[in-house]
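Trainee: return atomic coordinates for the entry below.
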Amino acid sequence: MNICDRFKNREARLGVIGLGYVGLPLAIEYTKAGFTVVGIDLDERKVSALNRGESYIIDVPSSEVADAVAKGLLKASTDPADLAECDSVNICVPTPLGKTQDPDVSYIQAAVEGIVPNLHDGMLVILESTTYPGTCEEVILPRLTETGLTVGRDFFLAFSPERVDPGNPVYQTKNIPKVVGGVTERCSEAAACLYGEVMDSVVPVSSARVAETVKLLENTFRSVNIALVNEIALMCNSMDINVWEVIDAAATKPFGFMPFYPGPGLGGHCIPIDPFYLSWKAKQAGSEARFIELAGLVNGSMPKYVVSLVTDALNDLGRSIKGTRILLVGVAYKPNIDDVRESPALDIMGLLQKRGGEVSWYDPHVESLSGFDACKRVSDWTLEELGRHDIAVIVTPHRNVDHSLLIEAGVRIVDTRNALKGIQNDLITRL
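Mentor: Predicted structure coming up:
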């Protein structure tokens with residue numbers, strides 16, 4: 001029986017390495033489709049929580065995890081040896097940048113080292129971690145072929161970019177089209193067979209390199225356009241023009257325009273990082289990625305601009321940042337989630353601290369911040385608590401947080417995301 005038949009008959013056992021924002025939702029979708037899944041993660045706390053039927057990802061209800069565990073469809077483990085029983089393995093591990101903005105594929109390499117002793121005839125390996133074009137063929141393939149097995153015949157290797165959007169109530173793992181590209185044609189077919197049993201739509205492309213580049217284009221598109229609108233926001237501010245009104249009016253054009261919105265900087269694992277993977281690879285090929293580099297500079301400068309707005313707002317009160325009680329509202333990188341990876345709020349917080357500000361923060365979805373022990377976490381969104389601060393910076397406006405309460409508390413406000421849209425008040429300084 002070939003691998004596609006095993007997928008169709010649900011006889012295949014699936015493995016997922018990395019049970020974070022990408023891996024856990026994928027594993028749960030596999031179980032919903034009737035597959036038995038082994039999840040591998042080095043974090044013993046995550047493994048223990050999952051085996052108790054508890055979720056730690058906001059988009060995955062604990063009820064779904066508990067149901068999968070109770071049915072014997074999901075098992076979490078810290079031991080890669082459990083992959084020996086699997087017919088396919090998805091790699092869903094972090095891919096950060098190094099200090100010099102070079103890609104760090106060490107997590108991918110570590111995952112591959114866990115697969116190698118367990119690689120067997122007919123196994124499918126799929127990389128979902130965002131990376132530079134050529135990673136499958138240049139990093140993963142050589143190590144797997146050292147086992148003596150031949151790709152496209154004895155085992156299959158493909159890339160399928162994760163397209164996770166945490167907190168999105170409409171588009172989630174199952175209904176987001178799944179791009180697939182294999183190292184060989186048979187590799188592409190095998191990966192498409194698996195995803196076709198689980199996802200609503202599969203989009204095959206000609207190679208793993210094309211699939212790897214697809215993800216980078218998607219996020220570079222967003223990075224460049226956000227940088228453009230951030231620059232427009234700075235220009236509008238210098239000319240005393242409301243950039244939000246400009247964008248809303250421009251968005252009424254039914255063709256040739258897509259609205260992007262300014263903000264305090266980029267956050268999350270994808271948009272601040274992925275374009276530099278493409279830029280790095282382009283340099284290796286003798287090409288320059290000027291838009292990518294410029295977009296990175298513009299977006300990276302936004303936290304400093306927010307601090308300058310705080311300085312200006314305090315100047316109106318005859319005060320400086322030093323000794324001022326400052327509240328950062330929302331520290332997750334986007335609304336209605338608990339993910340603080342690369343959040344601009346952390347940069348803003350650090351800059352305000354360096355200038356002597358007495359910084360506190362509030363976020364209904366985040367319980368703690370590593371490295372900011374000196375900053376108090378505000379747990380109560382009340383007039384009494386808010387009134388203890390001199391100025392508030394709205395970085396990430398979460399749903400069900402009444403930001404207008406800041407005005408009632410008499411707190412000066414820097415609104416970086418237009419959270420107080422439609423409210424005109426002398427206390428508000430807008431991006």
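Trainee: what's the weakest-modelled helix or strand in this protein?
Mentor: helix 274-284 (a mean of 82; mean pLDDT, DSSP states H and E).
Trainee: that one: what's the following helix or strand?
Mentor: The helix or strand immediately downstream of helix 274-284 is helix 290-300, counting by DSSP states H and E.
Trainee: flag every buried residue along that following helix.
Mentor: 292, 295, 296, 298, 299 (16 or more other Cβ atoms under 10 Å). Heads up, the C-betas are built off the backbone N, CA and C, glycines and all.
Trainee: what's the angle from that helix to helix 274-284?
Mentor: 150 degrees (axes from the mean of the first three to the mean of the last three Cα atoms, to 10 degrees).
Trainee: following the chain onward from helix 290-300, which element is next?
Mentor: helix 302-315.
Trainee: ok, and what's touching that following helix?
Mentor: 230, 234, 262-266, 320-321, 324, 326, 344, 347-348, 351-352, 355, 390-391, 393, 395, 412, 414, 416, 429, 431 (Cβ atoms under 8 Å, 6 or more residues apart in numbering).
Trainee: among those, name the ones in helices.
Mentor: Using DSSP state H, 230, 234, 344, 347, 348, 351, 352 are the members of those that sit in helices.
Trainee: hmm, residue 263 and residue 348 touching each other?
Mentor: No - when contacts are counted by Cβ atoms under 8 Å, residue 348 is not listed as touching residue 263 (11.3 Å).
Trainee: packing partners of the helix or strand hosting residue 189?
Mentor: Per DSSP H and E: residue 189 is located in helix 185-196. Using 3 or more Cβ pairs under 8 Å, 6 or more residues apart in numbering; DSSP states H and E as the contact test, the elements touching helix 185-196 are helix 3-8, strand 123-127, strand 155-159, strand 178-182, strand 202-204.
Trainee: dump the ones you listed to TSV, plus distance to residue 240, mean pLDDT and mean neighbour count.
Mentor: Shown next, in TSV, are these (distance: least, Cβ to Cβ, whole Å; pLDDT from 0 to 100; neighbours: other Cβ atoms under 10 Å):
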stretch	distance to residue 240	mean pLDDT	mean neighbour count
helix 3-8	60	95	18
strand 123-127	49	98	27
strand 155-159	48	98	27
strand 178-182	44	98	25
strand 202-204	46	98	17
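Trainee: redo the ones you listed as JSON lines? Include distance to residue 277.
Mentor: Conversion of the helices and strands packed on helix 185-196 to JSON lines gives the following (distance: least, Cβ to Cβ, whole Å):
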{"stretch": "helix 3-8", "distance to residue 277": "30"}
{"stretch": "strand 123-127", "distance to residue 277": "13"}
{"stretch": "strand 155-159", "distance to residue 277": "13"}
{"stretch": "strand 178-182", "distance to residue 277": "16"}
{"stretch": "strand 202-204", "distance to residue 277": "21"}
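Trainee: fine by me, we can end here.
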